[in-house]
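In: Sequence and predicted model, in that order:
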Amino acid sequence: MSEPGITDRIDPEVREGLRAFHALTSPRGLVDFDVPRQRELYEEMNRVALAALPPNDRVEYEDLTVPGPADAPDAPWH
């Protein structure tokens with residue numbers, strides 16, 4: 001009989017969350033995590049989600065820029 005894999009040894013209640021985590025990062029978790037790529041994906045998902053919402057007259061939106069460190073670009077803020 002072969003040795004069970006690491007995933008087989010994880011509590012079944014935790015396994016689904018681990019699978020979701022790996023789907024968002026990589027099968028190796030944060031080892032291969034690409035921060036700039038994840039920012040791009042988040043921005044795109046956020047744009048799509050906001051576009052699907054109806055306008056709300058009680059909410060004001062403003063696009064700002066937050067200064068970054070001297071060696072980094074400024075960060076957009078909505």
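Out: The structure has been received and is ready for your questions.
In: Okay, strands next: where are they in the chain?
Out: Along the chain, the segments classed as strands by DSSP state E run 64-66, 75-77.
In: Please name whichever of those strands is nearest to Ala52.
Out: strand 75-77 (20.5 Å; CB to CB). To be clear about C-beta, it is placed using only N, CA and C from the backbone, and glycine gets the same treatment.
In: State the mean pLDDT of that closest one.
Out: Strand 75-77 shows a mean pLDDT of 87.
In: helices and strands around that strand, which ones?
Out: Packed against strand 75-77 by the contact rule (3 or more CB pairs under 8 Å, 6 or more residues apart in numbering; DSSP states H and E) you find strand 64-66.
In: counting contacts, what elements does the strand it packs on pack onto?
Out: strand 75-77.
In: List the neighbouring strands of the strand it packs on plus their orientation.
Out: strand 64-66 (antiparallel) (DSSP bridges).
In: what's the strand it pairs with in contact with?
Out: Asp74, Ala75, Pro76, Trp77, His78 (CB atoms under 8 Å, 6 or more residues apart in numbering).
In: what's around the closest residue to the fourth one other than its chain neighbours, how many residues?
Out: The shortest distance from Trp77 to any residue other than its chain neighbours is 4.4 Å, reached at Leu64 (CB to CB, 6 or more residues apart in numbering). Other residues near Leu64 come to 9 when the count uses other CB atoms under 10 Å.
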